[in-house]
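only the shape, not the letters, is given here:
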């Protein structure tokens, strides 16, 4: 409804003749939300008892706002945590720390076998992505998913937090086992970008689970069984990982619109 509400329709709405199931009720209400002129006309049509109720309510609200306690100020650190972090990431960070530590101990104890650290590194952030944007694990899911920042913007913020948690752990462990930093860093970034890209189509939680399971079944487990490090985590694969990481990151930005309906797919 772009024109003003007709007088007869506005009168019927003010008197309650337009019920909730009336086809004209919704467009009238939608128009009234943004039209001050029709709002003034409606106020003139409201009956005396309704005006008295509104006046009493307005007086009570103003009195409460003046006499009530001052609104509590949010601490800056807490505000930042709401923008960047989901509470569900904290348990995940502890589990990830234990997993990376276990991989390091296995590499130290069985140095002749395939490096568990290098095989774990590509999928280390994926479980965090699945948890950080999941309605099952985030207690504030309904509130967050209904905000304007519930798309790629918020997803990238939480991804940064996850990477800042995982990468230092991998850096320390990789240094202790003597691994080339690029051998764990590039696959880690590539898989993160792949999860974000595929997550725009099927949901990040599903994408992370799918990519992680495919890597573990197709690459990690066979490498551990055959006691041979696969080509994908050897120095000659670095150029391919670098190209894949840059290409996937670019596609994530180009396909940012896929995450506008992100909330409904997780």
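Thanks, I have it. Predicted model only: the values in this text are computed from it and were never measured. Numbers count the residues shown, from 1 in each chain.

now do the helices in the chain.
7-15, 25-32, 36-45, 48-67, 76-84, 89-109, 116-120, 126-132, 141-145, 152-177, 181-202, 204-215, 221-226, 238-254 (DSSP state H).

can I get those helices in TSV including mean pLDDT and distance to residue 232?
C-betas here are computed from N, CA, C, even on glycine. Below are the helices of the chain laid out as TSV (pLDDT from 0 to 100; distance: least, CB to CB, whole Å):
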stretch	mean pLDDT	distance to residue 232
helix 7-15	80	66
helix 25-32	76	55
helix 36-45	81	63
helix 48-67	74	62
helix 76-84	56	32
helix 89-109	80	17
helix 116-120	85	9
helix 126-132	81	16
helix 141-145	58	35
helix 152-177	82	16
helix 181-202	89	7
helix 204-215	89	9
helix 221-226	85	9
helix 238-254	91	8
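
JSON lines for those helices, including mean neighbour count?
As requested, those are exported to JSON lines (neighbours: other CB atoms under 10 Å):
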{"stretch": "helix 7-15", "mean neighbour count": "15"}
{"stretch": "helix 25-32", "mean neighbour count": "15"}
{"stretch": "helix 36-45", "mean neighbour count": "12"}
{"stretch": "helix 48-67", "mean neighbour count": "10"}
{"stretch": "helix 76-84", "mean neighbour count": "11"}
{"stretch": "helix 89-109", "mean neighbour count": "15"}
{"stretch": "helix 116-120", "mean neighbour count": "24"}
{"stretch": "helix 126-132", "mean neighbour count": "25"}
{"stretch": "helix 141-145", "mean neighbour count": "15"}
{"stretch": "helix 152-177", "mean neighbour count": "18"}
{"stretch": "helix 181-202", "mean neighbour count": "22"}
{"stretch": "helix 204-215", "mean neighbour count": "20"}
{"stretch": "helix 221-226", "mean neighbour count": "14"}
{"stretch": "helix 238-254", "mean neighbour count": "15"}
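
quickly note the distance from residue 62 to residue 55.
Distance of residue 62 to residue 55, computed by CB to CB, to the nearest Å: 11 Å.

swap that for residue 174, please
With CB to CB as the criterion, residue 174 and residue 55 are 70 Å apart.

same thing with residue 238?
For residue 238, the distance to residue 55 equals 73 Å [CB to CB].

please apply the same query to residue 223.
Shown here: residue 223 relative to residue 55, a distance of 76 Å by CB to CB.

confidence score at residue 259?
On pLDDT, residue 259 comes in at 68.
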